[in-house]
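Engineer: After the sequence you'll find the predicted model.
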Amino acid sequence: MMRATPLVGTLTCLLLVAACASPAHQNGNAAPAGSPDPTIGATTTGTPASSTPSTPSAPSAPSSPSARPSSKPTTEQLVLGPNGIGSLKLGMTRQQADATGMVRPFEMSRCGYSSLRAAPAEEGNVTLSPTLGIAAIDVWPGIKTREGLGIGMSSAEVLRIYPAYREGVNAGYATTPGNDKAVYRIATRNGKVTALTLQFKNQDCYE
């Protein structure tokens, strides 16, 4: 005689079989089976990553160098020495004098005449001899010799600084310490120095 299966046990078995056979519940955002995962390759902001590599920014151009300081000397930097003033020397050719940058263009006749760029207008004359080169350099108030003589000083100071100074017709002359081929031509008026020039003793452009 067969034993009857309880009804409760049969129902339980049927429910378990149905549960195993039904597909798992999925929410509306789930991708269909076999679809690629949409989160792969996504950025945190939701924007797809670009496949083009970023271009590095070009380096900024270096700032332009500061303009060079002018080579033109100031009056405070200039001293009249036994051979010249600054880079301008007695005996230089016209080309050498031009290359110093200290003189304005020469006006040529038998001798050439120019002036120092650092000098006030109509002062600081430079004389170019056809045989000697730069033969004379005039200075202006504020420029002194290496020994300390300048325009505006007294005749007594001239003699104190250059004891061998001797008066001439238009000007007096003092030997130039350190250059036996040159002299200082010193003009005075009313007991004061009014003009000061370094020149070759044998300059041939003026009296």
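Structural biologist: Yep, it's here. Numbers count the residues shown, from 1 in each chain.

Engineer: From now on I want contacts and neighbour counts done on CA atoms only, so please keep to that.
Structural biologist: Fine.

Engineer: Number of residues surrounding Q95?
Structural biologist: 9 (other Cα atoms under 10 Å).

Engineer: Check the spacing between it and F106 real quick.
Structural biologist: 10 Å (Cα to Cα, to the nearest Å).

Engineer: just N170 next, same as before
Structural biologist: The value you get for N170 to F106, if Cα to Cα is used, is 26 Å.

Engineer: Between those two, tell me which one has more neighbours.
Structural biologist: F106 (17 against 10).

Engineer: which SSE is the closest residue to that one other than its chain neighbours in?
Structural biologist: Excluding its sequence neighbours, the residue lying closest to F106 (Cα to Cα, 6 or more residues apart in numbering) is S114, at 4.7 Å. Element membership for S114 (DSSP states H and E) is strand 112-115.

Engineer: Beyond that strand, next helix or strand please.
Structural biologist: strand 125-129.

Engineer: Okay, now the unreliable bits of this protein?
Structural biologist: 1-76 (pLDDT under 70).

Engineer: quick one: the helices in it?
Structural biologist: 7-21, 94-100, 155-161 (DSSP state H).

Engineer: give me the number of residues near I134?
Structural biologist: Residues near I134, counting by other Cα under 10 Å: 27.

Engineer: hmm, I was thinking of R160
Structural biologist: 12.

Engineer: ok, now L116?
Structural biologist: L116 has 23 nearby residues by other Cα under 10 Å.

Engineer: Quick check: nearest residue in space to it, chain neighbours excluded?
Structural biologist: L116's closest residue in space is V103 (Cα to Cα, 6+ apart), at 4.5 Å.

Engineer: wait, doesn't the one you found sit right on Y113?
Structural biologist: No. V103 is beyond contact range of Y113, at 9.9 Å (criterion: Cα atoms under 8 Å).

Engineer: got any residues that touch both of those two?
Structural biologist: V126 (Cα atoms under 8 Å, 6 or more residues apart in numbering).

Engineer: Now do M108 against Y173, distance only.
Structural biologist: Taking Cα to Cα, one finds M108 at 27 Å from Y173.

Engineer: So for these two, which residue has more residues nearby?
Structural biologist: Legend: neighbour count by other Cα under 10 Å for M108 and Y173, higher for Y173 (21 against 11).

Engineer: contacting residues for the more buried one?
Structural biologist: Y173 neighbours (Cα under 8 Å, 6+ apart): Y165, R166, E167, V183, Y184, R185, I186.

Engineer: what does V158 give?
Structural biologist: L149, Y165.

Engineer: could you pull out the strands for the protein?
Structural biologist: 84-85, 88-89, 107-108, 112-115, 125-129, 133-138, 172-175, 182-189, 192-200 (DSSP state E).

Engineer: Out of those strands, which gets nearest to S154?
Structural biologist: Proximity to S154 (Cα to Cα) singles out strand 192-200 among these, at 4.5 Å.

Engineer: Just the angle for that closest one relative to strand 133-138, thanks.
Structural biologist: 170 degrees (axes from the mean of the first three to the mean of the last three Cα atoms, to 10 degrees).

Engineer: Count the neighbours of the closest residue to I85 other than its chain neighbours for me.
Structural biologist: Leaving aside its sequence neighbours, I85 sits nearest to V79 (Cα to Cα, 6+ apart; 5.9 Å). If you count neighbours by other Cα under 10 Å, V79 ends up with 18.
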